[in-house]
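Student: Sharing a model prediction with you, sequence too.
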Amino acid sequence: MLPGCEAVSHANGSAVGVVVIHGFTGSPFSVRGVADAMIAASFDVEVPRLPGHGTTIDDMLPTTWADWSAEVAAARARLAARVDHVVLAGQSMGATLALASALDDPSIAGMVCINPLTRPRTADEIEMIDDLLEDGFGVAPGGSSDIADPDSHDISYEGTPLAPIRSLVVDGVAPISTRFGELAMPLRLFSSRTDHVVDPADGDHLADSWGGPVERTFLERSYHVATRDYDREVVERGSVDFVREVTS
């Protein structure tokens, strides 16, 4: 376990709880600021460490969407057992997992999505991944986390595990990408204007197809990992205020 990547389970004795979900190759460290803001606001919080994350990239290679979504479901169940109202919050793939979880449980009080991945990839993109896998490549080269603030950092893997990213887009994103109109709970959406990982058009797709009320904030100074970037306090305050509003 990498220091700072531990899962979080915090009971405040509140009637309101929030599941906060990190992104692909990230860890609970990525969203710890949001979790800490929720804890300071006296909410119960669960931050699962998704299988294969927060240790070594080799641990992630055999994991799939089914593994990550099962961990989110377990965290949601732990929280629901002790609170009356559950809100789901996620960053990047964490937001995708939150959306899929909400489709399984319409009782969710509200959703917070930060730079979510919501649109399926093209056949050419899938074919490229398949070709690399067939050629024996398990990990595509990658750089540091997409953060504008030079004084901030994230704890995530360098490189993209190819079989897991294929599972994310094929097993995770594609089946739910046309179903967001089924979700009627309030949505708080944060979108970075400049995102080098997920096209901001994914946020447009989510907002345009959502079946309930949407409040969207565009982040002018942050890149993809907005939870660790210049606008992190905007995300944290906005998320806390939203949870209070939808559970009051």
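Tutor: That came in fine, so what should we check first? Numbering: from 1, shown residues only.
Student: Show me where this structure has its helices.
Tutor: 32-40, 57-60, 65-80, 93-104, 123-134, 162-167, 174-176, 201-209, 232-247 (DSSP state H).
Student: Can you tell me which of the ones you listed is packed in deepest?
Tutor: Most buried of the helices of the chain, by mean neighbour count (mean count of other C-beta atoms under 10 Å): helix 93-104, with a mean of 24. Bear in mind the C-beta positions are built from the backbone N, C-alpha and C, glycine included.
Student: who's in contact with it?
Tutor: With contacts defined as C-beta atoms under 8 Å, 6 or more residues apart in numbering, helix 93-104 is touched by 19-24, 26, 31, 50, 68-69, 72-73, 76, 88-90, 108, 111-118, 168, 172-173, 176, 179-180, 182-183, 185, 206.
Student: Could you do stretch 139-146 as well?
Tutor: With C-beta under 8 Å, 6+ apart as the test, stretch 139-146 has contacts from 25-26, 57, 61, 132, 153-154, 156-162, 195-197, 223-225, 228.
Student: again with stretch 217-237
Tutor: For stretch 217-237, contacts defined as C-beta under 8 Å, 6+ apart pick out 23, 26, 30-31, 33-34, 37, 91-92, 114-115, 145-149, 152-154, 188-198, 238.
Student: low pLDDT regions in the protein?
Tutor: Flagging of the chain using pLDDT under 70 yields the residue ranges 143.
Student: which residue is nearest the middle of it?
Tutor: Of all residues in the chain, the one closest to the mean position by C-alpha atoms, centre = their mean is Gly94, 1.7 Å from it.
Student: Now that one. Nearest residue, chain neighbours left out?
Tutor: Counting by C-beta to C-beta, 6 or more residues apart in numbering, Gly94 lies nearest to Ile21, which is 3.3 Å off, once chain neighbours are set aside.
Student: quick one: Ala98 from Tyr230, how far?
Tutor: Separation of Ala98 from Tyr230 (C-beta to C-beta, to the nearest Å): 23 Å.
Student: coming back round to it: please check the contacts of stretch 217-237 and keep the buried ones.
Tutor: Applying 16 or more other C-beta atoms under 10 Å to those, the neighbour count classes 23, 26, 30-31, 33-34, 37, 91-92, 114-115, 145-148, 154, 188-192, 195, 197-198, 238 as buried.
Student: Show me these that map onto strands.
Tutor: Those of those mapping onto strands are Gln91, Ile114, Arg188, Leu189, Phe190, Ser191, Ser192, per DSSP state E.
Student: Turn the residues you listed into TSV, including distance to Glu127.
Tutor: Converted to TSV, these look like this (distance: C-beta to C-beta, whole Å):
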residue	distance to Glu127
Gln91	28
Ile114	30
Arg188	36
Leu189	31
Phe190	32
Ser191	29
Ser192	29
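Student: among those, which two are most distant?
Tutor: Pairwise distances across those peak at 14.7 Å for Arg188 and Ser192 (criterion: C-beta to C-beta).
Student: residues in contact with Tyr157?
Tutor: Residues near Tyr157 by C-beta under 8 Å, 6+ apart: Thr25, His53, Thr56, Ile57, Met60, Gly142.
Student: Go through these and name the one nearest Gly136.
Tutor: Using C-beta to C-beta, Ile57 comes nearest to Gly136 of the contacts of Tyr157, at 16.2 Å.
Student: The closest one against Gly159, yeah?
Tutor: Yes. The criterion here is C-beta atoms under 8 Å, and Ile57 meets it with Gly159 at 6.1 Å.
Student: just to revisit the earlier point, now render the helices of the chain as CSV, adding distance to Glu46.
Tutor: Supplementary listing: these in CSV, determined by distance: least, C-beta to C-beta, whole Å:
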stretch, distance to Glu46
helix 32-40, 9
helix 57-60, 21
helix 65-80, 4
helix 93-104, 12
helix 123-134, 31
helix 162-167, 22
helix 174-176, 21
helix 201-209, 23
helix 232-247, 14
